[in-house]
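A.B. asks: pasting the structure only:
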């Protein structure tokens with residue numbers, strides 16, 4: 001398997017270098033583009049899909065070693081992937097943006113071997129990687145002892161959660177080919193088959209498949225694998241796995257021509273959310289997301305605040321400390337194996353000078369702690385990619401990569417769970433400001449990285465779209481900030497200017513006092529967008545907002561919950577102990593000046609209206625999520 005990946009990487013790198021040279025030539029030919037046209041110049045330079053496919057075919061024919069591991073179809077698909085990256089650089093998208101110029105990739109980031117789609121019009125035509133066998137045959141081969149001998153695929157779905165459907169050994173054996181020699185007649189356990197290159201000597205590559213064995217994942221597996229006629233395309237993907245032999249784990253990603261799998265509880269929850277006739281506004285901040293919704297008549301106000309609880313903050317801080325220690329260990333390892341590329345620190349230089357002045361012999365410095373040795377231009381003398389790295393360094397870097405991927409999956413699962421709760425409470429008709437989270441990341445990088453508001457908004461948009469397909473709701477619509485200015489207006493229509501440091505809304509016209517984010521979300525709930533594809537067509541429906549302010553008796557109570565400064569540590573003074581006042585410090589890279597730190601909420605004030613209908617939703621850990629339902633992942637053994 002490693003040799004096949006190395007051959008595919010060699011071919012892909014050669015094509016990427018050709019694409020980079022041709023793109024540079026196309027960029028430099030400004031006069032030719034103006035005279036003969038950009039499309040003509042690209043065709044003359046070989047910047048077309050057909051030209052890249054022909055180049056891949058020539059590479060495969062001229063290099064004898066590649067033909068042992070790669071087929072022509074696999075080479076064509078590699079050429080298509082390289083051409084797609086080049087086309088994104090040459091041709092702007094709908095927003096007028098272009099991708100960066102193509103460049104040769106690195107071995108550690110090369111993960112996917114693209115496969116060719118199965119033909120659904122010509123029988124028995126599936127080039128490159130193909131999936132053979134049946135799910136029923138796999139169940140018969142690896143049936144769990146708790147299942148009866150006559151249990152079918154449908155009967156296995158009745159196994160309660162926590163049980164096992166399959167009992168697959170640690171080391172799977174590849175199935176043997178049928179007597180006829182055709183894998184199309186194989187009806188046993190599932191396997192991935194690759195015929196190899198035109199000059200292959202080892203025969204077909206057969207990889208056994210490992211499926212999820214738990215009963216909780218069986219319905220999802222059976223939905224995608226029961227009908228072989230729906231199997232469309234198979235890609236071979238590898239991921240870093242320091243504990244595995246070779247440091248990689250291989251998986252086959254199957255594209256199925258079938259509707260996505262939806263669990264019965266999820267379907268019931270979305271059906272109930274589709275019946276909600278509510279309008280919601282979503283105010284996104286660096287450290288919290290506030291959702292306020294109203295019924296169709298402007299009554300029954302609800303409010304939900306999503307933020308990081310104290311336990312999650314402590315876990316994030318511990319993870320950051322752990323990652324920092326591991327990064328320092330990696331840096332020490334790189335310095336120790338590449339001592340000639342680093343200078344001594346000032347302390348090490350002073351120590352060497354003292355020993356020389358005292359007449360002592362110089363001490364060999366095994367770990368230089370100074371900066372990288374630069375050239376006259378200020379760049380390192382040797383590129384980092386050319387450093388000699390120990391096996392411990394490579395394993396440590398792989399562990400960091402795997403841990404970061406696990407944190408990303410956990411964050412995605414948490415965002416999907418929180419989005420599902422928000423849509424179930426406030427409905428699928430919502431409006432959010434079209435803010436650029438990338439700008440926030442440049443200003444408040446640590447806060448955005450900890451809370452990930454952009455990921456939560458994307459998950460909320462996906463869940464709202466799934467619910468909107470069941471009803472008449474438009475889903476999550478984006479509204480431009482300039483025509484609405486929700487954070488600078490009140491529900492009565494009056495403009496209330498506030499700086500970024502002002503976190504409490506006080507309207508001098510109607511007397512409404514409340515949390516700034518909550519009031520902004522309430523105003524967003526009454527924003528109408530004429531064209532959902534154009535956020536600039538958003539306008540605030542001021543009469544409807546005024547009517548809700550008058551008709552909703554508990555609205556003041558919902559919006560008036562504010563935040564107060566913490567008590568802090570007590571300080572001693574001559575008259576005795578006194579509670580310390582709230583210290584003013586700079587929040588996470590804010591540019592609007594000093595603000596009070598993020599603080600817990602005040603105890604609820606006594607009021608005569610109904611209490612808040614929905615509690616605060618914590619963005620705590622929700623466990624590891626599952627991949628998108630359109631894709632079925634299973635693991636072949638290399």
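C.D. replies: Done, it's in. All values derive from a computational prediction rather than experimental measurement. Residues are numbered from 1 along each chain as shown.
A.B. asks: Show the subsequent helix or strand relative to the helix or strand residue 311 falls within.
C.D. replies: Under the assignment given by DSSP states H and E, the secondary-structure element containing residue 311 is helix 310-337. Sequence-wise, the next helix or strand downstream of helix 310-337 (DSSP H and E) is helix 346-357.
A.B. asks: Okay, buried residues for that following helix please.
C.D. replies: If you call a residue buried by 16 or more other Cβ atoms under 10 Å, then helix 346-357 has these buried ones: residue 348. (C-beta placed from N, C-alpha, C; glycine too.)
A.B. asks: One more: stretch 439-447?
C.D. replies: When burial is assessed from 16+ other Cβ under 10 Å, stretch 439-447 yields the following buried residues: 440-441, 444, 447.
A.B. asks: For the residues you listed, which two are the farthest from each other?
C.D. replies: When Cβ to Cβ is used, the two most widely separated members of those are 441 and 447, lying 9.2 Å apart.
A.B. asks: all strands of the stretch 201-350 of the chain, in order?
C.D. replies: Using DSSP state E, counting those that start in this stretch, the strands found in the stretch 201-350 of the chain span residues 205-210, 231-240, 248-256, 278-284, 288-295, 302-307.
A.B. asks: Tabulate these (JSON lines), appending mean pLDDT and distance to residue 216.
C.D. replies: Supplementary listing: those in JSON lines, determined by pLDDT from 0 to 100; distance: least, Cβ to Cβ, whole Å:
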{"stretch": "strand 205-210", "mean pLDDT": "88", "distance to residue 216": "16"}
{"stretch": "strand 231-240", "mean pLDDT": "89", "distance to residue 216": "22"}
{"stretch": "strand 248-256", "mean pLDDT": "90", "distance to residue 216": "19"}
{"stretch": "strand 278-284", "mean pLDDT": "92", "distance to residue 216": "32"}
{"stretch": "strand 288-295", "mean pLDDT": "90", "distance to residue 216": "29"}
{"stretch": "strand 302-307", "mean pLDDT": "90", "distance to residue 216": "27"}
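A.B. asks: Could I get those strands in a markdown table, plus columns for mean neighbour count and distance to residue 173?
C.D. replies: Supplementary listing: those in a markdown table, determined by neighbours: other Cβ atoms under 10 Å; distance: least, Cβ to Cβ, whole Å:
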| stretch | mean neighbour count | distance to residue 173 |
| --- | --- | --- |
| strand 205-210 | 20 | 6 |
| strand 231-240 | 19 | 20 |
| strand 248-256 | 19 | 16 |
| strand 278-284 | 25 | 52 |
| strand 288-295 | 24 | 50 |
| strand 302-307 | 22 | 49 |
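A.B. asks: Can you add distance to residue 95 and give those back as CSV?
C.D. replies: Formatted as CSV, the entries for the strands of the stretch 201-350 of the chain read as follows, by distance: least, Cβ to Cβ, whole Å:
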stretch, distance to residue 95
strand 205-210, 41
strand 231-240, 28
strand 248-256, 27
strand 278-284, 21
strand 288-295, 25
strand 302-307, 29
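A.B. asks: I'd like the distance from the closest residue to residue 284 other than its chain neighbours to residue 418, if you could.
C.D. replies: Ranked by Cβ to Cβ, 6 or more residues apart in numbering and with sequence neighbours excluded, the top spatial neighbour of residue 284 is residue 453, at 5.0 Å. Distance, residue 453 to residue 418, by Cβ to Cβ, to the nearest Å: 11 Å.
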